[in-house]
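Enquirer: the following block contains a protein sequence and its predicted model.
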Amino acid sequence: MNEVTRRSFLAASAASLAPLILPSGVLARPGQPGANDKIVLGFIGIGGWGSGLMQRMTEYYPAAAVCEVDDNRREAAAGLVDYEVNQYNDYRELLDQQDIDAVVIATPDQWHAVQAVHAMEAGKDVYVEKPLSRTLAEGKAVVDAVKRTGAVLQMGTQGRSQPDPTGRDDVHFYQTCNYIRNGEIGEVTHVECWHPGNPIGPDHPDEEPPDYLDWDMWLGPAQWVPYNPARCPGSFRFFMEYGGGVIRDFGAHVLSNTLWFLDRDDDGPFKVTATGRPPAEGIYDVPMDLDVTWEFRDPDLTITWREHGEFPSDHWGGAALYHGTEDSLLVHGSADEVGAGVEEEEVREYEPPADGVEVFRSPSHHQNWFDCIKSRERPIMHAEAAHRVTSLCILGNMAYQLGRSLDFDPVQQQFINDDQANMLAARPGRGPWHV
């Protein structure tokens, strides 16, 4: 006897929804392609970006549930579709819903790894926003969960996909990747990355959380602090405990492209150095004017990140200058920025030689994930790549926090003769919220 889904009884009076109601097990499960093309989605975290993801993805596949700790946002999200969806405050209840095949996670950053691992253990495929994790240990746990469960995980750094999720096809990162990988600027030895720095936060006093917000659940794995409206919603990015500043926000985009262009998704630095100024005022605690240097071996490569001074490009999404042994190439911005890509026509229209390298061209970031859910192949921003990109951001912040250079083993992914750094890299989440 087929299992009756929760959505089926909630929508029993709406005959028009009948085509969307499917028995559990009909669709692709981790490691087991399904017999039906439908993918039923659940959405965890429906803020500004999360609601945008829901609007775009439900153009292709139905949603069965939304989860949000802000009552107002949760109710608004449920109204984004013209059929009934279940609403949850606790994401674990959404994961228990058997008719959901895949989840989209767009919660504050401290939640990403915990919810991704729990979702995969519940038999769901995962689209998770960047950054992948708040610690190195959490990132490794996500990679391990993908291997254990066979789940398909895509991280939302969409620069590797064209067109991007908004439908824009005027970025040139695919062409740039082919151009660099085919040696058109020689061997790349140095990449300069930059982005405007973190803002100064307000001096706002703590207060009681509003009735519509579950503050304890919002914090989740993060240490408990009193509610302050300067901490959320979007301003969580400027606290080390949650977002980690622009290096973990836009840096995840810029550095994702860098590792992809250079074919180093399975690599990491052996040394990390960082300097920065702590904020002189306000509630935010991320550094001002952060400078980071990552040094790689085999082949030698230096990547730098800078948040101050004169920039060769003023694009708000940051940029990177690739120094090769034959030439240099300036790449503007991230995929969601108008004007992202390159100015040189020969790069924008580049076609690899017949015997050259041609990288996979993703149809779009969301479509690539959907395709891989059905085929069980790895998406373009798979777990290992997501972890390595996020690790660069985490390592930069750690070097700043500890105030010294860090020696790192990129194979074992641990610090060399540095107990303090290894403890910081593996600190557990608060209460039950850890992996």
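Expert: Yep, that arrived.

Enquirer: so who does the residue nearest to P287 when sequence neighbours are not counted touch?
Expert: Distances taken as C-beta to C-beta, 6 or more residues apart in numbering place G276 nearest to P287, at 3.1 Å, with adjacent residues excluded. All C-beta atoms are positioned from the backbone trio N, CA, C, and that covers glycine. By C-beta atoms under 8 Å, 6 or more residues apart in numbering, G276 lies in contact with 287-291, 307, 400.

Enquirer: inside strands: which ones of these?
Expert: 288-291 (DSSP state E).

Enquirer: would you turn the residues you listed into CSV with pLDDT, neighbour count and distance to M120?
Expert: Listed next are the ones in strands among the contacts of G276 as CSV, based on pLDDT from 0 to 100; neighbours: other C-beta atoms under 10 Å; distance: C-beta to C-beta, whole Å:
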residue, pLDDT, neighbour count, distance to M120
M288, 91, 17, 37
D289, 89, 13, 38
L290, 95, 25, 32
D291, 96, 19, 36
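
Enquirer: between those residues, which is nearest Q97?
Expert: Nearest to Q97 among these: L290, at 41.2 Å, using C-beta to C-beta.

Enquirer: my guess is that closest one meets T304, correct?
Expert: No - using C-beta atoms under 8 Å, L290 is not in contact with T304; the gap is 11.0 Å.

Enquirer: how far away is R74 from V104?
Expert: As judged by C-beta to C-beta, to the nearest Å, R74 and V104 stand 15 Å apart.

Enquirer: out of those two, which sits in the busier spot?
Expert: V104 (27 against 18; other C-beta atoms under 10 Å).

Enquirer: count of neighbours near the closest residue to Y242 other than its chain neighbours?
Expert: Nearest-residue entry for Y242: F236, 4.1 Å, with adjacent residues in sequence omitted and distances by C-beta to C-beta, 6+ apart. For F236, the neighbour count with other C-beta under 10 Å is 21.

Enquirer: give me the domain ranges for the chain.
Expert: Split into domains by automatic domain parsing, the chain comes to 6-158, 173-360+383-424.

Enquirer: is C67 in a bridge, and if so with what?
Expert: Listed by DSSP bridges, the beta-bridge partners for C67 are I44, Y88.

Enquirer: that one touches G47, doesn't it?
Expert: No - judged on C-beta under 8 Å, C67 makes no contact with G47 at a distance of 11.9 Å.

Enquirer: returning to what we had before: the residue nearest to P287: which element?
Expert: Per DSSP states H and E: G276 is located in strand 271-277.

Enquirer: mind listing what's buried in that strand?
Expert: Buried residues in strand 271-277, defined by neighbour count with 16 or more other C-beta atoms under 10 Å: 271-274, 276.
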